[in-house]
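> predicted coordinates and the sequence they were generated for:
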Amino acid sequence: MERFRPEIHFSPAENWMNDPNGLVYYSGEYHLFYQFHPFSTVWGPMHWGHAISKDLIHWEHQPIALYPDELGYIFSGCIVVDWNNSSGLGKAELPPLVAIFTQHSSEGEKNGRNDFQYQSLAYSLDKGRTWATYRENPIIPNPGIKDFRDPKIVWHQESHSWIMVLAANDKILFYRSKNLINWELISELKIPIYIGLPFECPDLFPLKVLESEETKWVLIISVQSDAPNKGSGIIYYIGDFNGTEFSIDEFDLQNPTWLDYGADNYAFVSWSDTPQIDQERIGIGWMNNWLYADKVPSSEWRGAMTLPRKLSLVKTKIGYRLKQSIVSQLEGYTSNHHKYTAIGNYEIDSQLVIGQLAAPFHLSIICDSFEGKQLILRNEYREQIVFYEKNEQLTIDRSQSGVTNFHKDFGIFHSVNLESQFDKSRTRWDIYVDHSSVECLLNEGELVITEQVFPQIIYDQFILQGGQKEELIEITLSEISIKNTAPEIIKKRGIKGQAP
Ligand code: FRU
């Protein structure tokens with residue numbers, strides 16, 4: 001087992017990976033494309049790597065899908081199923097998969113131009129196995145904006161149009177098309193407050209509010225700098241989209257919400273064309289942070305995705321909020337469920353039992369409140385990540401979490417304000433631990449914290465301490481086992497393509 005290699009998270013067989021791209025479901029298969037540098041463990045000329053899964057959990061590596069060409073590197077973008085062959089690139093009985101992505105000319109950038117990013121198209125007629133680039137690329141030339149990238153497309157039923165969102169430094173641009181090839185700029189959204197720049201990887205989709213007939217639109221924006229926990233992060237706005245403009249809900253105007261309060265979730269985008277009902281949307285993020293992504297201490301590979309998550313929308317007293325959960329397909333890979341309950345002023349130190357676990361695990365803790373408590377996940381080397389709550393502030397301390405010295409801002413404390421908008425009588429934590437990450441979902445995902453950690457061996461002990469009153473605590477611990485990485489597949493098929 002390679003050091004730090006995740007078992008239950010997607011990571012590239014080798015070399016550098018960043019954003020998820022081209023997330024699409026078609027013909028029983030989930031596709032995950034990603035920003036990939038096949039010749040180095042640091043960022044460079046971007047290709048689209050590719051993997052396929054039937055259940056979002058077990059992934060099979062595929063050959064590289066898109067290579068840089070004379071127009072430049074292949075940056076982030078999306079794929080949709082063109083069901084009615086609006087593009088004319090397929091046939092009525094064979095809808096094409098249409099990929100639209102940014103191309104980045106490093107030459108143009110070096111020469112000090114500001115028009116070196118533009119949008120291009122490629123399509124597949126064989127279920128995403130091979131891709132042809134459109135002969136008249138780029139389909140959206142650069143209008144003179146330096147940061148002009150990361151198209152994401154959604155079908156807008158009412159106007160029978162394709163809608164694209166695009167990041168342009170401090171703005172989100174909205175485009176419309178009837179055929180996925182000719183695009184018209186229809187509106188620009190300027191975010192009313194300073195958050196951090198540049199914006200990247202936007203996503204836009206409708207979502208039904210749980211337990212109601214109402215539908216709202218969700219706009220997700222990745223923000224490269226100045227997130228609460230340093231470096232990059234993701235915000236979202238809930239609002240309405242009338243086919244031309246997105247209007248941010250009043251509640252949210254001065255106050256965007258962070259999709260993840262940890263340090264390591266970026267470029268989260270959602271799958272297109274999934275069969276799920278309209279009350280949930282599935283997506284995945286790059287489990288990293290631009291602050292130190294090129295320094296994390298893995299070896300042959302660098303970068304992993306979060307667990308795939310289901311988003312749903314809830315109306316709370318301070319506006320609409322997204323809730324997240326890990327997709328239910330993961331349960332199919334869990335076993336050895338241990339259950340513990342304790343009542344009283346307690347100290348549970350179950351490291352003996354937990355120490356027997358060899359696999360990544362899911363730990364769920366249900367108690368009256370987490371206030372005054374401390375949860376430690378650690379291994380026999382006393383490498384540990386600590387979560388504690390005091391005065392409605394949750395602090396995450398990864399200063400002793402393992403290897404931290406590759407960047408000064410890695411081994412630090414993060415704090416999150418926990419004032420809850422959700423009515424609840426009990427507090428629930430769900431924690432997913434892999435060899436180099438901890439994902440923590442509070443109260444059924446009303447708040448999520450994703451953190452990378454680099455311990456010598458996986459944390460296999462947990463300690464829960466504190467608590468000031470008598471209460472019932474229910475703990476469930478399940479092993480998760482997936483053989484996810486299959487480097488031999490990619491080797492057998494071979495990686496072809498240009499050296500950087
Ligand atoms: C976000 C990002 C995108 C860009 C890609 C390049 O992480 O910077 O804006 O398309 O990565 O790899």
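Structure received. Numbers count the residues shown, from 1 in each chain.

> could you pull out the helices for the chain?
Remark: helices assigned in the chain by DSSP state H are 106-110, 351-354, 487-493.

> what's the first one in contact with?
With Cβ atoms under 8 Å, 6 or more residues apart in numbering as the contact definition, helix 106-110 has outside contacts at 45, 72-73, 115-116. Just so you know, the C-beta spots here come from the backbone N, C-alpha and C atoms, and that holds for glycine as well.

> one more pass at 6 Å, please.
For helix 106-110, the external contacting residues (Cβ atoms under 6 Å, 6 or more residues apart in numbering) are residue 116.

> could you count how many residues lie near residue 338?
16 (other Cβ atoms under 10 Å).

> and the residue nearest to the spatial centre of the chain, how close does it get to residue 332?
Centroid check for the chain by Cα atoms, centre = their mean gives residue 285 as the closest residue, at 1.3 Å. From residue 285 across to residue 332, the span is 22 Å (Cβ to Cβ, to the nearest Å).

> ok, now residue 56?
Taken as Cβ to Cβ, the span from residue 56 to residue 332 is 11 Å.

> how about residue 95, phi and psi?
phi -70, psi 140 (degrees, to the nearest 10).

> can you check the pLDDT for it?
Note on residue 95: pLDDT of 97.

> neighbour count winner among residue 56 and residue 332?
Between residue 56 and residue 332, residue 56 has the larger neighbour count (other Cβ under 10 Å), namely 23 against 12.

> leaving out the residues flanking it, which one is nearest to that one?
In this structure, residue 56 finds its nearest non-sequential neighbour in residue 308, 4.4 Å apart by Cβ to Cβ, 6 or more residues apart in numbering.

> what of residue 90?
With Cβ to Cβ, 6+ apart as the criterion, residue 90 has its nearest non-adjacent residue at 3.4 Å, and that residue is residue 96.

> ok, now which ones touch the one you found?
82, 89-90, 123, 125.

> what count of nearby residues applies to the residue in the stretch 301-450 of the chain that the ligand sits nearest to?
Distance from the ligand to each residue of the stretch 301-450 of the chain (Cβ to the nearest ligand atom) is smallest for residue 303, at 10.5 Å. By other Cβ under 10 Å, 25 other residues sit near residue 303.

> wait, doesn't it sit right on residue 17?
Yes. Between residue 303 and residue 17 there is a contact at 3.7 Å, judged by Cβ atoms under 6 Å.

> got the contact list for stretch 154-170?
Outside stretch 154-170, the residues that touch it by Cβ under 6 Å, 6+ apart are 145, 147-153, 172-173, 175-177, 180, 197-200, 202, 204-205, 243.

> which of those are buried?
145, 147-153, 172-173, 175-177, 180, 198-200, 202, 204-205 (16 or more other Cβ atoms under 10 Å).

> identify the residues contacting residue 132.
By Cβ under 6 Å, 6+ apart, the contact set of residue 132 is residue 123.

> which pLDDT value goes with it?
Among the per-residue scores, residue 132 holds a pLDDT of 97.

> gap between the closest residue to residue 235 other than its chain neighbours and the ligand?
Excluding its sequence neighbours, the residue lying closest to residue 235 (Cβ to Cβ, 6+ apart) is residue 256, at 4.0 Å. Counting by Cβ to the nearest ligand atom, to the nearest Å, the gap from residue 256 to the ligand is 18 Å.

> verify the stated contact: residue 256 with residue 234.
No. Here residue 256 does not reach residue 234: they are 9.8 Å apart, not a contact under Cβ under 6 Å.

> who's more crowded, these two?
Neighbour count, other Cβ under 10 Å: between residue 256 and residue 234, residue 234 has more, with 23 against 20.

> skip the chain neighbours and tell me the closest residue to residue 121.
Excluding its sequence neighbours, the residue lying closest to residue 121 (Cβ to Cβ, 6+ apart) is residue 134, at 4.1 Å.
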